[in-house]
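**Q** Give me coordinates for this.
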Amino acid sequence: MKLFCLSGHPNLPCLVLKFKSVTVMLDCSLDLTSTFNFLPLPLVHSTRLAKLPSWVPKDTDANDVETLKALKRELKECAGRVFVDSPPEVSIPEDGLLDLSTVDVILVSSFQCILALPYITEYTGFNGMIYATEPTAQMGRQMMEELVQYTERVPRTNTASKWKEHDVFKTLPAQLREGLNPASLRLCYGLHDVNSALSKVQLVGYAQKLDVFGALQIMPLSSGYCIGSCNWVIRSHYEKISYISSSSVLTTHPQPMDQGLLQNTDVLVLTGLTQSPTANPDSMLSEFCSHLAVTVKNGGNVLVPCYPSGVVYDLFECLAAFLDNSGLMQLPVYFVSPMADSSLAYSNIFAEWLCQSKQSKVYLPEAPFVHEELKTISRLKVFPSVHGDFSSEFKTPCVVFAGHPTLRFGDAVHFMEMWGQSKANTVIFVEPDVPYLEALAPFQPLAMKAVHCPIDTRLSFQQANKIITDLKPLHVVLPETYITPPPSLPQRSDLVLEADPPPTTFQRGEVLSLPIKRMYEKIEITPELASSLVPSEIRQGIAVASVTGVLEAKDNNYVLQTVPKQPTAGPGQKRKREDNVDFAPPKPHVWGAVQVEQFVQDLEKNGVTDVKVEDTPSGHIIHLQSEDTLIQIEDGSTHIFCEGNEELRIKLRNILLKCLSRF
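**A** Numbering: from 1, shown residues only. Okay, the predicted model is just below:
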């Protein structure tokens, strides 16, 4: 069993498991951290960005006019940092570690772990199966379509490429080179790729058992993190692998985490723990509301860069209650995203994927989420972009939820440019996977306040350690970063994962041989063959039977069938001697211990009379003096020494076999 790691981010996993000749991809996440090396795509022309000075490496050959010209156009400097002035590019999973066209199955855990799917299904020759829950597929579509629209509505005629050349790249500042592999960078896919990739997805439900080529059975279980998110159990007849990714034991809007069927697994693969181990989600929500209230009461505006799905549903619910209690019910709240309307609509029709309290509202009938009511009474106003009707409805002070959290594309870039130079305004980062200082870098110097309130409900290290203890896996496999404290908190030895035996770790580009070996395979016996068996009782309560048949292997299933009848030769035809091999009757199996007295009597009956028996510490030695032959009988073995007399050896062997039981 081998495990390939194709991603370098523990919360954006992409793993490939090879087991029983089946290749299974576990998630296909897209790493957007590479976009932080690029300048933002503003919706309208930005004079500030246009005036940024060019940057050229000091070691560049002054006589190489073409390279100098290209780098001046591609590299810009802002507040001491160098950025690439080109449409942002994303980092795809490692594609040189194995042939991705050989992947048989892709299992998707959540809508955040599906964004790289078009790169795999459309550009690698992939022809396998993809399994995901319906909310994961629909919300994944929304995330992908939003990404496509953000990048396509600000078209750029030129794409930077000179800076990626090896001789140039090695001269770039360390901050730009760190953790970046130019070969893995790609421009965003198009809408056609999204539709084609998602058309291949097969929808599944929780606890639904799925067969993969007869070799494996897979089953999704609720992970408790977001709507439709799941963990996966992969099992054969005698082995079991559990994959836990982005799970939560907190009480939020999704169905709670199902741990029952994850127990007693041979290998537990664990990814997607909290990105903010010291930040409690409840306290972060309180802090979010507090900073928001202070800002709007002082006449400022609040920008919340966010995804169109996920934690934003809880934020709307929390914010509505807070504004009611704070006397700010008239505060305008805007949700600006091309997918905002469809995201809110879908969240209300996925009732069966929600927690029990949300499900019960459907039968009242009420909408599961409060944002539906907020939309109805116009306390939450939804717009696809800042163009069109938004300008006529827009009032300040206000709160704006807009994408993209990276601040490299989307309507959030427009608000950063518009509000960034006023100290009265605040930008609040709530998405835990976004390093907010990196996101803000191209907007420096910044006058508006920046607040980091990461709301991450995924498993903490303490919760994950408890789950490992409760599930009792034989082996644990996890990202290498989970066995050492975070770099920002090196003294926190409690922020690590532990297991007994010590966990096996992986990082991007590694191939692991997992410590599990297949020892057994299940074989079925046909009723005809089973009815022909004649068991022999070897001791009380235990009977054995000799089984001889033809093993048929088809679709990874094994069936033992009766031996075909020996064909008869036609008139005047001779049967070939070698044909008899496949149809030879089975030889009987002997068992038991040789009774020496009975053996001696049988020898005398067959004319062997001059017999002398000698006891030894390990058994008996029978000496046939007239034949100059020794028979050595020990526990589990019998040896006949007859000095090359083959006729006598066969005679003694046959007498000996009659003294043993057979089946």
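
**Q** tell me the SS of residue 404?
**A** Recorded secondary structure, residue 404: coil (DSSP: H, G, I helix; E, B strand; the rest coil).

**Q** swap that for residue 620, please
**A** Applying three-state DSSP to residue 620 yields a three-state assignment of strand.

**Q** Surely it touches residue 633?
**A** Yes: if you go by Cβ atoms under 8 Å, residue 620 and residue 633 touch, sitting 4.7 Å apart. (C-beta placed from N, C-alpha, C; glycine too.)

**Q** Comparing the two, which shows the higher neighbour count?
**A** Under the neighbour definition other Cβ atoms under 10 Å, residue 620 and residue 633 were set side by side, and residue 633 has more, 21 against 17.

**Q** So for the more buried one, what pLDDT did the model give?
**A** pLDDT, the model's per-residue confidence, is 85 for residue 633.

**Q** ok, now how distant is it from residue 613?
**A** Going from residue 633 to residue 613 by Cβ to Cβ, to the nearest Å gives 9 Å.

**Q** Could you pull out the helices in the stretch 351-500 of the chain for me?
**A** Remark: helices of the stretch 351-500 of the chain, listed N- to C-terminal, are 356-362, 371-376, 390-393, 411-419, 436-440, 461-471; assignment by DSSP state H, counting those that start in this stretch.

**Q** Could you name every residue contacting both of residue 633 and residue 613?
**A** 596, 620-622 (Cβ atoms under 8 Å, 6 or more residues apart in numbering).

**Q** What's the PyMOL line that selects buried ones from those residues?
**A** Written as a PyMOL command, the selection of buried residues from the shared contacts of residue 633 and residue 613, which uses 16 or more other Cβ atoms under 10 Å, is:
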select buried, resi 596+620+621+622
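
**Q** which two in the shared contacts of residue 633 and residue 613 are spaced the farthest apart?
**A** Across the shared contacts of residue 633 and residue 613, the two members that end up farthest from each other (Cβ to Cβ) are 596 and 621, 10.2 Å apart.

**Q** Spit out the residues that contact those two alike.
**A** With Cβ under 8 Å, 6+ apart, residue 596 and residue 621 have common neighbours 613, 633.

**Q** Remind me which helix or strand residue 139 belongs to.
**A** Secondary structure assigned from DSSP states H and E places residue 139 in helix 134-152.

**Q** try residue 639
**A** Using DSSP H and E, the element containing residue 639 is strand 637-641.

**Q** Counting neighbours, which bits of the next helix or strand after that strand end up buried?
**A** From strand 637-641 onward toward the C-terminus, using DSSP H and E, the following helix or strand is helix 646-658. Within helix 646-658, the residues that qualify as buried are 648, 651-652, 655-656, counting by 16+ other Cβ under 10 Å.

**Q** can those residues go into CSV with extra columns for pLDDT?
**A** Formatted as CSV, the entries for those read as follows, by pLDDT from 0 to 100:
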residue, pLDDT
648, 82
651, 85
652, 84
655, 84
656, 84
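
**Q** Could you single out the nearest of these to residue 434?
**A** When those are compared for distance to residue 434, the smallest value, 80.8 Å, is given by residue 656; criterion: Cβ to Cβ.

**Q** Just confirm that closest one contacts residue 596, I think it does.
**A** No: between residue 656 and residue 596 there is no contact, the gap being 11.0 Å when judged by Cβ under 8 Å.

**Q** From residue 520, how far off is residue 549?
**A** When distances are taken as Cβ to Cβ, residue 549 and residue 520 turn out to be 18 Å apart.

**Q** between those two, who's got more neighbours?
**A** A count of neighbours by other Cβ under 10 Å puts residue 549 above the other of residue 549 and residue 520, at 19 against 9.

**Q** So for that one, what's the nearest residue that isn't a sequence neighbour?
**A** The shortest distance from residue 549 to any residue other than its chain neighbours is 4.4 Å, reached at residue 560 (Cβ to Cβ, 6 or more residues apart in numbering).

**Q** what is the one you found paired to in the beta sheet?
**A** For residue 560, the beta-bridge partners under DSSP bridges are residue 525, residue 551.

**Q** can you list contacts of the strand or helix carrying residue 233?
**A** Secondary structure assignment for residue 233, by DSSP H and E: strand 230-235. With Cβ under 8 Å, 6+ apart as the contact definition, strand 230-235 has outside contacts at 17, 19, 24, 26, 107, 109-110, 133, 136, 206, 216-223, 240-245, 247, 257-258, 261-262, 265.

**Q** now what about the following helix or strand past it, what contacts it?
**A** Using DSSP H and E, the helix or strand that follows strand 230-235 towards the C-terminus is strand 240-245. Strand 240-245 is contacted from outside by 13, 17, 19, 26-27, 107, 109-110, 113, 223, 231-235, 262, 264-272, 467, 471, 473, 516, using Cβ under 8 Å, 6+ apart.

**Q** and if you look at stretch 207-215?
**A** The set of residues that contact stretch 207-215 without belonging to it, under Cβ under 8 Å, 6+ apart, is 20-22, 24, 104-105, 129, 131, 204, 217-221, 236, 258, 261, 555-557.

**Q** Please repeat the previous calculation with a cut-off of 6 Å.
**A** 20, 22, 105, 217-219, 555-557 (Cβ atoms under 6 Å, 6 or more residues apart in numbering).

**Q** just these now: which is nearest residue 345?
**A** When the contacts of stretch 207-215 are compared against residue 345 (criterion: Cβ to Cβ), the nearest one is residue 219, at 29.4 Å.

**Q** Is that closest one within a helix or a strand, and which one?
**A** strand 216-222.

**Q** list the buried ones in that strand?
**A** 216, 218-222.

**Q** From the chain's centroid, how far away is the strand holding residue 639?
**A** Averaged C-alpha coordinates place strand 637-641 at 59 Å from its chain's average position (Cα atoms, centre = their mean, to the nearest Å).

**Q** Give the buried residues for that strand.
**A** Buried residues in strand 637-641, counting neighbours by 16+ other Cβ under 10 Å, are found at 638, 640.
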